[in-house]
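Enquirer: need a structure here:
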Amino acid sequence: MSSSSTVVKELNFDSERSDDKYLSQILYHIDAWDTFNIDIKTSYRFECLRYFKSENFELKSGGWFTFYNLQLVDCAFIKIMGTQLTNCNMKEYLMQWIDGNFENLRSLDVEMREVRDEEYLLDGM
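Expert: Residues are numbered from 1 along each chain as shown. Model prediction:
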């Protein structure tokens, strides 16, 4: 692929392929101004540190998705399943949101690796 990006309205990216280089090249070189819908099977070493900006961001099979990745998503509606995120990560994200970051965010649905602890998440807010 070339180093330039392709911009589309909607990216629906499903892959059973576990070639991390191939998968990351697609993610790095395609931007969607309305919707990212990503369901990719990756190795445990997969990384994709890039900024996602669109209206909707949905990630299935998000085992590779880290707290840093979440901070790079600038979307109104975010849904992420199967992440390694923790209550501690989500509390930090919520604190950043309250402090004025992620101003486009309207809905956040994240499946964490831990059971959601609402008391912990809301403590101090």
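
Enquirer: When you work out contacts or count neighbours from here on, use the C-alpha atoms and nothing else.
Expert: Fine.

Enquirer: longest helix of this structure?
Expert: Using DSSP state H to define each element, the chain has its longest helix at helix 87-98.

Enquirer: Below-threshold pLDDT in this protein: ranges please.
Expert: Under the criterion pLDDT under 70, the flagged ranges of the chain are 1-3.

Enquirer: Given the helix or strand hosting Asp34, what are its sheet partners and their directions?
Expert: Element membership for Asp34, per DSSP states H and E: strand 30-40. Applying DSSP bridges, strand 30-40 is found paired with strand 6-15 (parallel), strand 52-60 (parallel).

Enquirer: In JSON lines, list those along with distance to Asp39 and mean neighbour count.
Expert: Shown next, in JSON lines, are the strands paired with strand 30-40 (distance: least, CA to CA, whole Å; neighbours: other CA atoms under 10 Å):
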{"stretch": "strand 6-15", "distance to Asp39": "5", "mean neighbour count": "13"}
{"stretch": "strand 52-60", "distance to Asp39": "5", "mean neighbour count": "20"}
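
Enquirer: Distance to Thr66 for those strands - can I get that in CSV?
Expert: Formatted as CSV, the strands paired with strand 30-40 follow (distance: least, CA to CA, whole Å):
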stretch, distance to Thr66
strand 6-15, 19
strand 52-60, 12
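
Enquirer: Out of those, which gets nearest to Ile40?
Expert: Proximity to Ile40 (CA to CA) singles out strand 6-15 among those, at 4.7 Å.
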